[in-house]
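Asker: next come a sequence and a model predicted from it.
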Amino acid sequence: MKSVWSITLATLTKDIRLEWRSKDALNAMLFFSLLVVVIFVFSFDPLAEESRHIVGGLVWVAFLFAAVVALNQTWARELRNQVLDAYRVSPAPANSLFMAKVLGNFILVTLLEALMAPLFVVFYNLRVLGPAWQLIPVALLGTWALVVNGTFFAAMSLRTRSRELMLPLLLFPISIPAVLGMVAATTAILTGDNPAHFYIVLLLTYDVVFTTACIALFETVLQAE
Amino acid sequence: MKKTFPILALLTAAFLAYAFYQAMFVAPTDALQGDVYRIIYYHVPSAWTAFLLFFINFVASVQYLASAKPSTQRAAKWIVIVIGVVGFIAPFVPQVKQQLPVGMYPSSVATTALIMVGFYFLIGKYFPGKSLDLLAVTAAEVGVVFCTIVLITGPIWARPVWGIWWAPGDIRLTSTLVLWLIYETGRCARGIWRA
């Protein structure tokens, strides 16, 4: 019997290798968020001063949509050839599978954000007025919040007919508190008007609560008929 | 329950009619807001009912999920007991007492904690096994109806009094809207779950 972490690592490496060879999700996400950025640039053409106030929202909306594209792909791969059923009967703990999927998505979405953030800076002529290093914890915590819930709800909507449609319906309402925290924190940092600490703590709390809940309930979701 | 349904329905209709009469004709008109304020006789009780039903849904759901294994059931029971004991004693500790908002008495907080624990065990006693899940779904469904009423009557009142339909930054409005959205999502999820 291998330990939980080695199984997690094995599943994660398998997923990353598959993604590296096919680049399905990454290509779709990159192009999709590029399109969103371009559409936003056409829709809102503000001065640099105004853009600082709205770009926090725009960035996270783009990432949220792109993350859904990736999350929809997460479990689809396991449905082919009944891989998921094999998981269910195997003695491997359900949570190591869940954590592997979450970590894989986390790496993917973080990569996307790292590639897309410069585009926003260029298109909106951004200059950060607050402490810029705080954008990193906000991005990491925000991404984790999206990805943990997203992976969980993607598993939940897996056995439904219109699962690609169901995921955003399930994910967005639950994510509203987190999205609020991310947007408010990003705006606070970009404008430098007020400190973002409260929102970072809010995000951290949200992450802790929902990670715990997802880990506690994932086995029920995986085994449910 | 089926036999008492007509009687209960009649009683409900009679009480609702009496409440309507009291709210519309007996209660005096508000000096500042005029007749618009009468909507609170509909809005506020709906909000209470919605929150009570969502609370029942919460308790029943937690208990249903915990009842999957005997070990988690026992753990949940002890966690609830600890919450009850801490919630009963903590408000009387001077440091915590200072944190309470003005007008909120320690005894009322302690009573609330006890009622919550009582709810948990009463629901567990009268709704064993699968019926916990049924209770949770029923409470959520009816709660969504009341929450919808709250969200519709709220703006109707706010427009003449505040001058705006919706105050985007208001914490209470936002949290109620998010609550409604989450429960609506839950309903969607339940629907597809069964299909």
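Answerer: All right, it came through fine.

Asker: quick one: low-confidence parts of chain B?
Answerer: Low-confidence segments of chain B (pLDDT under 70): B:1, B:191-195.

Asker: swap that for chain A, sorry
Answerer: In the predicted model, chain A carries pLDDT under 70 at residues A:1-2, A:46, A:48, A:225.

Asker: the closest residue to chain B within it: how many residues sit nearby?
Answerer: With C-beta to the nearest C-beta, the shortest gap between chain A and chain B falls at residue A:173, namely 3.8 Å. C-beta here means a position set from N, CA and C on the backbone, and glycine is covered the same way. Counted by other C-beta atoms under 10 Å in any protein chain shown, the residues lying close to residue A:173 total 20.

Asker: thought it was touching residue B:182?
Answerer: Yes: the criterion here is C-beta atoms under 8 Å, and residue A:173 meets it with residue B:182 at 4.7 Å.

Asker: burial count for residue 170?
Answerer: With no chain named, the answer covers chain A. By other C-beta under 10 Å, the residues close to residue A:170 number 23.

Asker: meant chain B actually
Answerer: Close neighbours of residue B:170, defined as other C-beta under 10 Å, add up to 13.

Asker: same deal with residue B:151?
Answerer: 19.

Asker: got the CA coordinates for stretch A:36-48 in CSV?
Answerer: What follows is stretch A:36-48 as a C-alpha-only set of coordinates in CSV (Å, rounded to 0.1, in the frame of the first residue of the first chain):
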residue,chain,number,x,y,z
VAL,A,36,-11.7,37.7,-23.6
VAL,A,37,-8.9,40.2,-23.2
VAL,A,38,-9.2,41.5,-26.7
ILE,A,39,-13.0,41.8,-26.4
PHE,A,40,-12.6,43.7,-23.2
VAL,A,41,-10.1,46.1,-24.8
PHE,A,42,-12.7,46.8,-27.5
SER,A,43,-15.6,47.1,-25.1
PHE,A,44,-13.9,49.4,-22.5
ASP,A,45,-11.5,51.9,-23.7
PRO,A,46,-10.6,53.8,-20.6
LEU,A,47,-7.8,56.0,-19.6
ALA,A,48,-5.0,54.5,-17.5
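
Asker: ok now it, how far from the chain's centre?
Answerer: 23 Å (C-alpha atoms, centre = their mean, to the nearest Å).

Asker: confirm residue B:97 sits in a strand?
Answerer: No: assigned with DSSP: H, G, I helix; E, B strand; the rest coil, residue B:97 falls outside any strand and is helix.

Asker: so what's residue 139 up against?
Answerer: Defaulting to chain A. With contacts defined as C-beta atoms under 8 Å, 6 or more residues apart in numbering or on different chains, residue A:139 is in contact with A:110, A:113, A:117.

Asker: chain B was what I was after
Answerer: B:53, B:54, B:56, B:57, B:60.

Asker: need the contact list for the last one.
Answerer: Neighbouring residues of residue B:60 by C-beta under 8 Å, 6+ apart: B:123, B:127, B:132, B:133, B:135, B:136, B:139.

Asker: so which strand or helix has it?
Answerer: Taking DSSP states H and E as the criterion, residue B:60 maps to helix B:40-66.

Asker: after that helix comes which helix or strand?
Answerer: Downstream of helix B:40-66, the first helix or strand assigned by DSSP H and E is helix B:70-89.

Asker: which positions in the helix holding residue B:60 come out as buried?
Answerer: Residues of helix B:40-66 classed as buried: B:40, B:42-43, B:46-47, B:49-51, B:53-54, B:56-66 (neighbour count, 16 or more other C-beta atoms under 10 Å in any protein chain shown).
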